[in-house]
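> Sequence first, then the predicted structure, then my questions.
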Amino acid sequence: MNKKYIVRLSDLERVQLLAVVKRFSGNSQRVRRAQILLQTDVAGPKWCDEQICSAYHCRVKTVQNTRKRFVELGLEQCLNRKKRKHPPRINLLDGKQEASIIAMRLGSPPKGYVDWSLRLLARKVVELGVGPEISHETVRQTLKKTA
């Protein structure tokens, strides 16, 4: 099979990769990517993708993606984790809103209910104008932080 992305490591890059593998610097994914690049180098052992997969316990797609990232983006971006384009939103509610949700949860439930459910709390928060339209999952995370 012809490979679309061919890895050609310079002497400096090879030394850097060997240092990462030898010192086990960074996380395990970084070391695995360094090992994959060393094995796919044209001037190196030239292992096939299946040999690399069995040696480093990964998928063929992982080897292909590592080669592609090296050729397109360079060594540093290939070794390090890719940053998320849209990181998850952490705090949807401020401290006052969280406090009112906790106080509501500690109070007695509305008539006809034995206890507060997460969905009921989320509806009440919107009804009372305490916060914006929120999901029951946001209420769960808020209550979990305080437990």
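Sure thing, it's come through. Numbering: from 1, shown residues only.
> So which residues of the protein form helices?
Taking DSSP state H as the criterion, the chain carries its helices at 11-23, 28-40, 49-56, 60-73, 75-79, 95-106, 118-127, 136-146.
> Which elements pack onto the third one?
Contacts of helix 49-56 with other secondary structure elements, assessed using 3 or more CB pairs under 8 Å, 6 or more residues apart in numbering; DSSP states H and E, are made with helix 28-40, helix 60-73. The C-beta positions use only the backbone N, C-alpha and C, and glycine is treated the same way.
> do the same with the longest one
For helix 60-73, the packing partners by 3+ CB pairs under 8 Å, 6+ apart come out as helix 28-40, helix 49-56, helix 75-79.
> Quick check: which of the helices of the chain is nearest to Y5?
The closest approach between Y5 and any of the helices of the chain, judged by CB to CB, belongs to helix 60-73 at 4.3 Å.
> Give me the residues contacting the closest one.
Taking CB atoms under 8 Å, 6 or more residues apart in numbering as the criterion, the residues outside helix 60-73 that touch it are 3-7, 32-33, 36-37, 40, 49-50, 52-53, 77-78, 82.
> Quick check: the gap between the nearest residue to L17 once chain neighbours are set aside and S10.
Sequence neighbours aside, A34 is the residue nearest to L17 in space, at 4.4 Å (criterion: CB to CB, 6 or more residues apart in numbering). According to CB to CB, to the nearest Å, A34 and S10 sit 15 Å apart.
> follow-up on the earlier one: of the helices and strands packed on helix 60-73, which stretch is the most buried?
Each of the helices and strands packed on helix 60-73 was scored by mean neighbour count; the highest is helix 28-40, a mean of 20, by mean count of other CB atoms under 10 Å.
> Please parse the chain into its domains.
By the assignment in automatic domain parsing, the chain contains the domains 11-79, 95-146.
> got the ones you listed as a markdown table, with distance to P87 columns?
Shown next, in a markdown table, are the domains of the chain (distance: least, CB to CB, whole Å):
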| stretch | distance to P87 |
| --- | --- |
| domain 11-79 | 18 |
| domain 95-146 | 16 |
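> among those domains, which is nearest H86?
For the domains of the chain, the distance to H86 is smallest for domain 95-146, at 17.5 Å, taking CB to CB.
> mind exporting stretch 111-120 as PDB, just the C-alpha atoms?
What follows is the C-alpha trace of stretch 111-120 in PDB, where atoms were taken according to Å, rounded to 0.1, in the frame of the first residue of the first chain:
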ATOM      1  CA  LYS A 111     -47.500  20.600  46.700                       C
ATOM      2  CA  GLY A 112     -48.100  17.200  45.100                       C
ATOM      3  CA  TYR A 113     -44.400  16.200  45.200                       C
ATOM      4  CA  VAL A 114     -42.600  14.100  47.800                       C
ATOM      5  CA  ASP A 115     -39.100  15.300  46.900                       C
ATOM      6  CA  TRP A 116     -37.300  17.600  44.500                       C
ATOM      7  CA  SER A 117     -36.300  16.000  41.200                       C
ATOM      8  CA  LEU A 118     -33.500  17.600  39.100                       C
ATOM      9  CA  ARG A 119     -36.000  18.400  36.300                       C
ATOM     10  CA  LEU A 120     -38.400  20.000  38.700                       C
END
